[in-house]
Each structure stands twice: as structure tokens, then as C-alpha cells.
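Enquirer: make a model of this:
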Amino acid sequence: MEYSIVRSNRKTLCLTFDREGKPLVRAPLSTSLASIERFVQKHARWIAIHSRGKTPPSLADGSKIEFLGEERTIASGATRLKSETLFLPPEQRAEALKRLCRSKARVRMQRLVRKYSSLYGFSTTGIRITSARKRWGSCSTKGTVNFSLYSAFLPESLAEYLAVHELCHTRHMDHSAAFWVEVKAILPDYAKRRDALKKYMWIFQI
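Expert: Numbers count the residues shown, from 1 in each chain. This is a model prediction of the structure:
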């Protein structure tokens with residue numbers, strides 16, 4: 001099985017896909033090649049399942065693409081979303097789509113952060129929409145919550161999970177047991193939503 005390796009100061013092994021849809025292993029600097037190979041083989045079934053359809057989606061007229069959790073048909077025109085049609089200009093469509101994503105993601109994530117902050121007493125210092133391709137969201141030590149512009153493609157239930165996940169990080173800066181207890185108290189089905197995110201890896205190829 002062909003795969004790429006990216007080493008960094010991280011502590012654990014992680015499997016994902018690169019922009020071409022090929023398996024990518026993120027590994028600690030000291031991890032041996034043999035250990036990485038065993039890790040890949042152990043997760044061979046997961047790779048086979050989640051690598052299906054991992055090709056960049058077409059942005060040609062008439063193509064179908066999921067946006068804000070619903071299937072849309074792409075057509076030529078000034079960049080906008082109208083009912084079931086996603087209009088994009090003839091040139092530089094990917095960039096136009098990203099700009100629309102940033103706008104839609106900002107509106108939705110601000111709404112969800114306000115909602116859950118009001119319900120559960122969270123406090124943030126700001127919300128940022130980023131171009132991150134490796135993670136859906138993050139939280140700074142100063143309490144700023146960040147969300148990838150690519151979250152605009154996700155269904156509402158998964159956007160809710162992202163909002164709750166990062167808001168809980170304003171109180172727990174790690175993935176400790178206490179962190180997950182708080183996430184579960186707000187979203188009892190959080191594990192199902194978290195697993196569902198794996199089906200949207202194709203988004204980062206746009």
C-alpha cells in the first residue's frame with residue numbers, strides 16, 4: 001500500500017489523506033519505519049473504506065456537490081447559493097468557492113458559538129475562519145475559537161459538533177476525560193458525529 005509520511009513533534013501516529021486522496025501518516029520524529037508500517041497495516045480496512053471516492057470533486061457546470069449539508073448543482077454565474085444551485089464564475093472557480101465558504105462558515109459558526117455559549121455559559125475572545133486543511137477547528141490558549149472555511153460543506157449536525165468541541169476546549173485545553181465528559185453532556189451522540197466527519201475528508205481537496 002502506497003502512503004506518505006510527515007514527521008513532526010507530535011506524540012502519536014495519525015492517519016489522514018493528502019490533497020490527492022492518498023493515505024498520509026503523521027508521525028512523531030522518533031517513530032521507526034517498521035512501527036509506521038505496522039500502524040498502516042493495522043488500519044488497512046479503515047483506509048480502504050475511507051479512500052473510496054477520494055478524488056477532487058468536479059466544479060464543472062452540472063456537477064453535483066454537497067454544500068451546507070445538501071446536494072447542490074453547479075452552474076455558471078456570479079458566486080452565490082440559490083436554492084439547490086451553486087453559482088460559480090467560469091474562471092477560478094475553486095477560489096470563488098472558497099470565498100463563499102468563508103462567508104457561509106463565518107455566519108453559521110458565529111450563530112452556533114453564540115447559541116451554545118448562551119446555553120452553557122462558555123466565554124470566547126473571538127471567532128476566526130481559517131484556511132486550515134488539516135483540522136476542522138482549534139482553540140487558542142486565549143480563548144479564540146477557529147474553524148476551517150471548509151466546514152461550510154458540512155451538515156448542520158456536524159457543524160454543531162465542531163462548535164461544541166472547540167467551546168469545550170476553552171475550559172479543557174486537551175482531550176482529557178473531563179473534556180469528553182463535558183462534550184457528551186452537551187451532545188450525547190458526539191461520538192457518532194465525530195465519526196461522521198471522516199466521511200468528509202474529500203472536502204480538503206478543493
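Enquirer: drop to CA atoms for contacts and neighbour counts, all remaining ones
Expert: OK.
Enquirer: where do the helices of the protein begin and end?
Expert: Secondary structure of the chain, counting by DSSP state H: helices at 33-42, 44-50, 93-120, 156-169, 177-186, 190-196.
Enquirer: and the last one, what does it pack onto?
Expert: Read that as helix 190-196. Helix 190-196 sits against helix 156-169, with contacts defined as 3 or more Cα pairs under 8 Å, 6 or more residues apart in numbering; DSSP states H and E.
Enquirer: rewinding a little: mean pLDDT lowest for which of the helices of the chain?
Expert: Among the helices of the chain, helix 44-50 has the lowest mean pLDDT, at a mean of 72.
Enquirer: format the helices of the chain as JSON lines; extra columns: mean neighbour count.
Expert: JSON lines is the format used below for the helices of the chain (neighbours: other Cα atoms under 10 Å):
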{"stretch": "helix 33-42", "mean neighbour count": "14"}
{"stretch": "helix 44-50", "mean neighbour count": "13"}
{"stretch": "helix 93-120", "mean neighbour count": "17"}
{"stretch": "helix 156-169", "mean neighbour count": "22"}
{"stretch": "helix 177-186", "mean neighbour count": "15"}
{"stretch": "helix 190-196", "mean neighbour count": "14"}
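Enquirer: using CSV, lay out the ones you listed together with distance to Ile129.
Expert: As requested, the helices of the chain are exported to CSV (distance: least, Cα to Cα, whole Å):
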stretch, distance to Ile129
helix 33-42, 32
helix 44-50, 26
helix 93-120, 6
helix 156-169, 12
helix 177-186, 22
helix 190-196, 20
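Enquirer: contact partners of stretch 80-100?
Expert: Applying Cα atoms under 8 Å, 6 or more residues apart in numbering, the contact partners of stretch 80-100 are 59, 70-79, 149-150, 206.
Enquirer: report the buried members of those residues.
Expert: Using 16 or more other Cα atoms under 10 Å as the burial test, the contacts of stretch 80-100 include Leu59, Arg72, Thr73, Ile74, Ala75, Ser76, Thr79, Leu149, Tyr150, Ile206 as buried.
Enquirer: returning to what we had before: quick check: which of the helices of the chain is nearest to Pro23?
Expert: helix 44-50 (7.1 Å; Cα to Cα).
Enquirer: ok, the most centrally placed residue in the chain - contacts?
Expert: What sits nearest the mean C-alpha location of the chain, by Cα atoms, centre = their mean, is Trp136, with 3.4 Å. Residues in contact with Trp136 (Cα under 8 Å, 6+ apart) are Phe147, Ser148, Tyr150, Ser151, Leu162.
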